[in-house]
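1. would you be able to build a 3D model of this:
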Amino acid sequence: MIRLRRLRGSEAIRNMVRENRVNKEDLVYPMFVAEGTGIKNPVDSMPGIYQYSLDTFEEELRRVADAGISAVLLFGIPAHKDEVGSSAYDDQGIMQKAVRRIKELYPDMIVIADICLCEYTSHGHCGIIHDGKILNDETHPYLGKMAVSLAKAGADMVAPSDMMDGHTAYIRKALDDNGLTDVLIMGYSAKFASGYYAPFRDAAHSAPQFGDRRTYQMDPANGREALRECEADIAEGADIIMVKPALAYLDVVKDVRNHTDYPIAVYNVSGEYSMVKAAAANGWIDEKRIVMENMTAMKRAGAGIIITYHAIDVAKWLESESI
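-> Numbering: from 1, shown residues only. Reported below is the predicted structural model:
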């Protein structure tokens with residue numbers, strides 16, 4: 001008789017045969033940096049998450065470093081917005097200043113800069129607009145300027161999240177033409193038009209002022225198309241590909257993992273985070289157990305990099321278990 005339970009008989013044996021493990025090195029912590037001073041604004045729809053100004057930002061960076069997390073993903077909240085998102089590629093913009101400050105304080109920390117216009121445009125869309133239409137190729141130069149500006153500020157990696165076709169190739173050429181050949185690109189390759197993003201838009205002040213983003217973000221019903229998006233990013237020069245959101249799209253993560261040997265990231269997005277926090281606050285779930293189960297599911301599906309707002313907690317739980 002086959003007795004598979006023998007492999008589950010004790011914690012030591014379960015650890016010995018465990019197939020997937022979450023490590024601190026897998027984690028990326030998203031952070032929101034705003035123009036101004038003395039800012040530490042709670043994001044009401046994301047318990048425990050704040051918008052920081054540069055002066056208060058350092059306190060949170062210290063928590064990240066002390067937890068042993070080696071990478072952050074930055075989003076900026078500018079004081080000025082306009083039709084072409086000019087604050088996004090201003091060398092003295094909030095993101096550029098934040099990148100430089102991180103590298104002064106923690107030179108070994110991996111800084112990933114989100115590349116998108118939505119936080120910087122008055123209309124809240126990810127591209128340039130003409131007659132109510134989001135223009136694809138015309139948006140490329142603005143994304144290129146933003147990527148180059150942030151890379152020159154010290155970003156180790158740029159992460160274009162706008163979902164304009166061909167943007168990865170344009171950004172790669174812009175970086176290379178400016179001597180920034182060592183800067184990595186993490187493509188938001190399979191980014192779906194998801195209801196799970198709603199709390200993020202509170203945090204980043206990036207909700208579109210008209211319409212929605214379904215003409216450029218992916219249809220949640222399409223899995224095979226996600227493979228084509230990942231193939232396109234790889235062909236255009238992406239170093240890492242991403243599936244976003246994570247939990248509702250683990251089948252896509254698995255398909256992508258079976259399709260390529262490129263590094264895969266997942267973004268455990270704001271709505272996924274907030275649902276767990278709300279249920280835990282009501283005593284309906286064991287937060288640590290659920291979060292770690294979710295993290296393990298992402299690894300099991302094939303992700304090697306997990307972008308998550310739970311990162312600091314996860315790192316602390318991993319540390320306590322290793323003592």
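2. pLDDT of stretch 81-92, averaged?
-> For stretch 81-92, mean pLDDT is 93.
3. buried ones in that stretch, by neighbour count?
-> The neighbour-count check on stretch 81-92 (16 or more other CB atoms under 10 Å) flags 81, 84-90 as buried. Heads up, the C-betas are built off the backbone N, CA and C, glycines and all.
4. just the CA atoms of it, as CSV, please.
-> Output of stretch 81-92 as CSV, limited to C-alpha atoms (Å, rounded to 0.1, in the frame of the first residue of the first chain):
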residue,chain,number,x,y,z
LYS,A,81,-0.2,67.1,-13.3
ASP,A,82,-0.7,68.0,-17.0
GLU,A,83,-1.8,66.5,-20.3
VAL,A,84,1.6,65.0,-21.1
GLY,A,85,2.7,64.0,-17.6
SER,A,86,5.8,66.2,-17.6
SER,A,87,6.6,65.6,-13.9
ALA,A,88,7.2,61.9,-14.8
TYR,A,89,10.4,62.8,-16.7
ASP,A,90,11.5,65.8,-14.7
ASP,A,91,15.0,65.2,-13.4
GLN,A,92,14.0,66.9,-10.2
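5. list of residues touching that stretch?
-> Residues outside stretch 81-92 that contact it (CB atoms under 8 Å, 6 or more residues apart in numbering): 76, 78-80, 93-96, 116-117, 119-123, 128-129, 142, 145-146, 148-149, 152-153.
6. buried ones among those?
-> For the contacts of stretch 81-92, buried by 16+ other CB under 10 Å: 76, 78, 93-96, 116-117, 119-121, 123, 128-129, 142, 145-146, 148-149, 152-153.
7. narrow those residues to those in helices?
-> Taking DSSP state H, the ones among these that sit in helices are 94-96, 142, 145-146, 148-149, 152-153.
8. low-confidence regions, the chain specifically.
-> 204-207, 209-212, 322-323 (pLDDT under 70).
9. so which residues of it form strands?
-> Applying DSSP state E to the chain gives strands spanning 27-34, 40-42, 50-52, 71-77, 110-115, 128-130, 133-135, 157-160, 184-191, 240-244, 264-268, 305-308.
10. most packed of the ones you listed?
-> Mean neighbour count (mean count of other CB atoms under 10 Å) peaks for strand 264-268 among these, with a mean of 27.
11. so in that sheet, which strands flank that strand, and in what orientation?
-> Its sheet considered, strand 264-268 pairs with strand 240-244 (parallel), strand 305-308 (parallel) by DSSP bridges.
12. out of the ones you listed, which comes closest to Leu105?
-> For those, proximity to Leu105 was assessed by CB to CB; strand 305-308 is nearest, at 21.2 Å.
13. can you list the residues that contact that closest one?
-> Residues from elsewhere that reach strand 305-308, judged by CB under 8 Å, 6+ apart: 22, 26-30, 73, 240, 242, 246, 263-268, 273, 295, 298-299, 314.
14. what of stretch 135-148?
-> Taking contacts as CB under 8 Å, 6+ apart, the residues outside stretch 135-148 that touch it are 84-85, 88-89, 113, 115-117, 126-130, 158, 160, 162, 164-167, 170-171, 173-175, 178, 180, 183, 216.
15. count the neighbours of Ala221 for me.
-> 7 (other CB atoms under 10 Å).
16. picking up where we left off before, so can I have JSON lines of the ones in helices among the buried ones among the contacts of stretch 81-92 showing distance to Ser53?
-> What follows is those, written out as JSON lines (distance: CB to CB, whole Å):
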{"residue": "Ile94", "distance to Ser53": "9"}
{"residue": "Met95", "distance to Ser53": "13"}
{"residue": "Gln96", "distance to Ser53": "15"}
{"residue": "Tyr142", "distance to Ser53": "25"}
{"residue": "Lys145", "distance to Ser53": "24"}
{"residue": "Met146", "distance to Ser53": "21"}
{"residue": "Val148", "distance to Ser53": "25"}
{"residue": "Ser149", "distance to Ser53": "20"}
{"residue": "Lys152", "distance to Ser53": "22"}
{"residue": "Ala153", "distance to Ser53": "17"}
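17. just the residues you listed now: which is nearest Arg5?
-> Met95 (52.4 Å).
18. against Asp55, how distant is that closest one?
-> Relative to Asp55, Met95 is positioned 16 Å away (criterion: CB to CB, to the nearest Å).
19. just put the strands of the chain in JSON lines and tack on distance to Ser10.
-> Compiled in JSON lines, the strands of the chain are given as follows (distance: least, CB to CB, whole Å):
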{"stretch": "strand 27-34", "distance to Ser10": "28"}
{"stretch": "strand 40-42", "distance to Ser10": "43"}
{"stretch": "strand 50-52", "distance to Ser10": "42"}
{"stretch": "strand 71-77", "distance to Ser10": "35"}
{"stretch": "strand 110-115", "distance to Ser10": "37"}
{"stretch": "strand 128-130", "distance to Ser10": "60"}
{"stretch": "strand 133-135", "distance to Ser10": "57"}
{"stretch": "strand 157-160", "distance to Ser10": "41"}
{"stretch": "strand 184-191", "distance to Ser10": "40"}
{"stretch": "strand 240-244", "distance to Ser10": "35"}
{"stretch": "strand 264-268", "distance to Ser10": "31"}
{"stretch": "strand 305-308", "distance to Ser10": "28"}
